[in-house]
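> need a 3D model of the sequence below.
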Amino acid sequence: KAMAGGTLERKDFFKDDVISGYKELETVINNAAKAQLELIKSVSKSKGEYDASNQGKEKTKKIVDELAKAEAAAEKNRQTIAKSIKTISDAERENLIIKEQARRATAELNKEIKKTVDAMEGGRKNTNTWSNALTSFQAKFNTIGNVLGGAVLAGVAAVGAAFKEAFNEVVKFNSKATELQTITGAGVIGMIQMTSAAVKMSLGFGESGIKINQSASDILEAFKLVASAKPELLGNAKALEQVTEQALILAKAAGTDAATAVTSLTGIMNQFNAPAKDAGRYVNVLAAGAKFGAGEIPFLAESITKFGVAAKTAKQPIEESAAVMELFAEKGLKAEQAGTAYRNILIKSLADQSNYKDGVFSTSLMMDNLGKIQNNTTLLTKKFGVENVLAAQILAQGRQRVDELTKSLTGTNTAYEQAENNTKTL
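Numbering: from 1, shown residues only. As a prediction, this is how the structure comes out:
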């Protein structure tokens, strides 16, 4: 409430009602005392008349004694009330002092909040400004705890720690944004787009609607990794956002770190010269390949980057390329061996016109032609080299399996589904 309204209030659980009650009681007793004094004066006035008789003297003595006792009791009550009122007045004064101290401390805090916000606005140019503002803000914020006492101090300290953690994240976010701006050379509008996108992704409001479960600062780091891997996106904040979000979805689906996912996705996309809008297609193919085949995403990434350019030349889609690699993985080939061997086979096959239909290269025709010579080791060796014979024979024998895998990897949302499931698990 202090931060929202700019003032601090301390609830006095007893002050108003007790003071009012005591003052009313004091008035009643004072009136009674005055009546008693008037009665004593009246009795004293008629005292001479009663002195004439012993009976009158005795009655007068009794009345005077009783009134004296009543007056003494009233005086004692007045002293008790006066003492209580003084105690309450002292508490009231202390409360007023505390209020004033709290008001001043809050005013100072509000100034520091404004300075901190101003520093945040200008912090993109100087990260140290944020750190200095945060330190000053914390010092001022903690003074409120000293004003309000030990019980409140613990709460204030906890809030202060929360502010410290939050602002440390802000400082980290600013640092990552500065690094990203340095790499991309983005202007104000571009940086606003990317930083806003990072926050939206962290909250699950990105284009995919999938919550990334990473801080905005870490997402900005992923932006930087993608920008470094795909420099052609440096001038297009929207495209950079698209690829980064898909890479982070891939990381979440595969249970890997962002750097590995970025490297896998951008490496393959670069091989095929794929546009940013196709990033979602590529991550789903990779996730589906890992799901339906034997090779995990790192295997696919490493192997495909060995032959991607040749596949692009042959107009072989990413789905079929991944399916071929999954076939090799099932047969026990390592990623580098599989990718390199397939590159060599593709390059040789592209030069063979028997693999073309209507002037377009056909992977299916290539595998059919390989099937015709699969048992002729001499011819395979002559055609592809001894180091590629095994891969050629696997292809010749695995035509049906490649078709099955290609179908499983086409039009899939596997990465999105796995990412969603992992979110539920988390």
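> and the residue nearest to residue 278 when sequence neighbours are not counted, what is it in contact with?
Excluding its sequence neighbours, the residue lying closest to residue 278 (C-beta to C-beta, 6 or more residues apart in numbering) is residue 269, at 7.4 Å. To be clear about C-beta, it is placed using only N, CA and C from the backbone, and glycine gets the same treatment. Residues in contact with residue 269 (C-beta atoms under 8 Å, 6 or more residues apart in numbering) are 230, 243, 278, 279, 282.
> need those in CSV with pLDDT, can you?
Formatted as CSV, the contacts of residue 269 follow (pLDDT from 0 to 100):
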residue, pLDDT
230, 91
243, 95
278, 96
279, 95
282, 97
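> closest to residue 197 out of those?
The shortest approach to residue 197 among the contacts of residue 269 belongs to residue 243, at 11.5 Å (C-beta to C-beta).
> any idea how far that closest one lies from residue 349?
Using C-beta to C-beta, to the nearest Å, residue 243 is found at 31 Å from residue 349.
> residue 368 touches residue 399, doesn't it?
Yes. Contact between residue 368 and residue 399 holds when scored by C-beta atoms under 8 Å: they sit 7.0 Å apart.
> and those two? Which one has more around it.
residue 399 (17 against 14; other C-beta atoms under 10 Å).
> residues in contact with the more buried one?
Here residue 399 is in contact with 364, 367, 368, 371 (C-beta under 8 Å, 6+ apart).
> what about the first one, distance to residue 343?
As judged by C-beta to C-beta, residue 364 and residue 343 stand 19 Å apart.
> more neighbours: the two, which one.
Neighbours of residue 364 and residue 343, each counted by other C-beta under 10 Å, are more numerous for residue 343; the result is 21 against 14.
> give me the spatial nearest neighbour of the more buried one, chain neighbours excluded.
Using C-beta to C-beta, 6+ apart, the nearest residue to residue 343 is residue 307, at 3.5 Å.
> and the helix or strand encompassing that neighbour, what does it pack against?
Using DSSP states H and E, residue 307 sits within helix 297-313. In terms of contacts (3 or more C-beta pairs under 8 Å, 6 or more residues apart in numbering; DSSP states H and E), helix 297-313 is packed against helix 258-272, helix 279-292, helix 318-330, helix 335-350.
> buried ones in that helix, by neighbour count?
297-312 (16 or more other C-beta atoms under 10 Å).
> now flag whichever of those is closest to residue 354.
residue 310 (17.7 Å).
> tell me if I'm right that the closest one and residue 346 touch.
Yes. The pair residue 310 and residue 346 qualifies as a contact (C-beta under 8 Å) at a distance of 4.2 Å.
> where does residue 360 fall, phi/psi-wise?
Backbone torsions of residue 360, given as degrees, to the nearest 10, read phi -120, psi 130.
> and the closest residue in space to it that isn't next to it in sequence, helix, strand or coil?
In this structure, residue 360 finds its nearest non-sequential neighbour in residue 315, 6.8 Å apart by C-beta to C-beta, 6+ apart. Classification of residue 315 using DSSP: H, G, I helix; E, B strand; the rest coil returns coil.
> send over stretch 374-386 as PDB, restricted to the C-alpha atoms.
Taking Å, rounded to 0.1, in the frame of the first residue of the first chain, the C-alpha atoms of stretch 374-386 are listed here in PDB:
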ATOM      1  CA  GLN A 374      22.900 -54.000 -55.000                       C
ATOM      2  CA  ASN A 375      24.600 -57.400 -55.200                       C
ATOM      3  CA  ASN A 376      27.200 -56.300 -57.700                       C
ATOM      4  CA  THR A 377      29.900 -55.100 -55.300                       C
ATOM      5  CA  THR A 378      32.400 -54.500 -58.100                       C
ATOM      6  CA  LEU A 379      30.000 -52.200 -59.900                       C
ATOM      7  CA  LEU A 380      29.000 -50.400 -56.700                       C
ATOM      8  CA  THR A 381      32.600 -49.900 -55.900                       C
ATOM      9  CA  LYS A 382      33.400 -48.600 -59.300                       C
ATOM     10  CA  LYS A 383      30.400 -46.300 -59.300                       C
ATOM     11  CA  PHE A 384      30.500 -44.900 -55.700                       C
ATOM     12  CA  GLY A 385      33.900 -45.900 -54.200                       C
ATOM     13  CA  VAL A 386      34.600 -48.600 -51.700                       C
END
